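*Asks:* sequence? don't have it. structure:
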């Protein structure tokens with residue numbers, strides 16, 4: 001049984017999924033490349049929100065712009081060839097305490113439904129676990145190895161594929177999370193990938209930071225025409 005989904009009073013981040021897994025911007029100046037993830041495996045924790053002392057800051061993450069248009073397509077898979085990621089995507093909403101829900105399965109990514117569908121105008125946010133003390137490396141364990149120019153593809157429910165190129169990676173402390181950069185409105189489709197990283201707090205049992213990948217939209221490759 002996976003323990004400690006969100007550590008120290010944040011809650012257990014249980015999913016209230018509206019669907020199941022389908023299938024098996026640029027940071028501001030002064031951003032910096034991420035340091036290696038700690039060799040100590042954490043319990044499964046919230047990829048965005050850290051210990052309870054950061055709960056107040058976490059609540060601020062979800063008060064900004066949110067898309068109003070009805071959803072026509074949904075993200076179903078994310079693929080990152082350079083680091084061999086090919087993962088299903090589930091929907092993530094908010095917990096009662098306004099923290100982001102997290103996938104129970106560390107091999108699966110989650111899309112925050114309060115922001116844009118990847119490939120549509122505005123920021124889209126996909127999160128995943130870095131590791132687990134029980135199950136080992138998670139789906140985004142190698143996220144820190146991405147480099148500017150690397151391709152990210154998000155397959156959508158209509159068969160189209162939204163393509164993005166990595167522009168930058170940053171390591172942000174969870175109590176200084178760059179809310180506006182990640183969740184704030186963008187005039188073009190943008191993508192942010194988030195996992196835990198940085199130093200590991202043995203007492204809290206969690207990482208102190210987040211690895212954040214910023215990516216710019218290249219194109220939406222349309223679904224192939226069905227043969228008659």
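*Replies:* Now that the structure is in, tell me what you want to look at. Only a predicted model underlies this, so the values are computations on that prediction, with no experimental measurement involved.

*Asks:* where do the helices sit along the protein?
*Replies:* For the chain, the helices defined by DSSP state H occupy 55-60, 179-183.

*Asks:* and those helices, which one's lowest on average pLDDT?
*Replies:* Among the helices of the chain, helix 55-60 carries the lowest mean pLDDT, a mean of 47.

*Asks:* where are the low-confidence patches of this protein?
*Replies:* Within the chain, the stretches with pLDDT under 70 are 1-44, 49-71, 225-228.

*Asks:* For it, which segments count as strands?
*Replies:* With DSSP state E applied, the chain shows strands at 75-80, 85-92, 109-112, 122-127, 131-132, 136-137, 151-156, 161-173, 189-201, 206-221, listed in chain order.

*Asks:* partners of the longest one in the sheet?
*Replies:* Neighbouring strands of strand 206-221 in its sheet, by DSSP bridges, are strand 161-173 (antiparallel), strand 189-201 (antiparallel).

*Asks:* Next, the buried residues of that strand.
*Replies:* By neighbour count on 16 or more other C-beta atoms under 10 Å, the buried set for strand 206-221 is 206-217, 220. Yep, even glycine has a C-beta here, placed from its N, CA and C like the rest.

*Asks:* Columns distance to residue 99 on top of those, output as JSON lines?
*Replies:* Putting the buried residues of strand 206-221 into JSON lines (distance: C-beta to C-beta, whole Å) gives the following:
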{"residue": "206", "distance to residue 99": "13"}
{"residue": "207", "distance to residue 99": "16"}
{"residue": "208", "distance to residue 99": "17"}
{"residue": "209", "distance to residue 99": "17"}
{"residue": "210", "distance to residue 99": "13"}
{"residue": "211", "distance to residue 99": "18"}
{"residue": "212", "distance to residue 99": "17"}
{"residue": "213", "distance to residue 99": "21"}
{"residue": "214", "distance to residue 99": "22"}
{"residue": "215", "distance to residue 99": "24"}
{"residue": "216", "distance to residue 99": "28"}
{"residue": "217", "distance to residue 99": "28"}
{"residue": "220", "distance to residue 99": "31"}
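
*Asks:* Among those residues, which one lies nearest to residue 147?
*Replies:* Taking C-beta to C-beta as the measure, residue 147 sits nearest to residue 213 out of the buried residues of strand 206-221, at 10.2 Å.

*Asks:* Now do the same contact list for the nearest residue to residue 101 once chain neighbours are set aside.
*Replies:* By the measure of C-beta to C-beta, 6 or more residues apart in numbering, the closest residue to residue 101 outside its immediate chain neighbours is residue 92, 4.5 Å from it. Residues near residue 92 by C-beta atoms under 8 Å, 6 or more residues apart in numbering: 15, 100, 101, 102, 103, 110, 111, 112, 113, 127.

*Asks:* and residue 202, how many neighbours?
*Replies:* Neighbours of residue 202 under the rule other C-beta atoms under 10 Å: 10.

*Asks:* now swap in residue 72 and tell me
*Replies:* For residue 72, the neighbour count with other C-beta under 10 Å is 10.

*Asks:* Likewise for residue 204?
*Replies:* 17.

*Asks:* So it versus residue 182, what's the distance?
*Replies:* 22 Å (C-beta to C-beta, to the nearest Å).

*Asks:* swap in residue 127?
*Replies:* From residue 127 to residue 182 the distance is 10 Å (C-beta to C-beta).

*Asks:* Same check on residue 102?
*Replies:* 16 Å.

*Asks:* same question, residue 217
*Replies:* Taking C-beta to C-beta, one finds residue 217 at 16 Å from residue 182.

*Asks:* Same check on residue 222?
*Replies:* Residue 222 is 28 Å from residue 182, by C-beta to C-beta.
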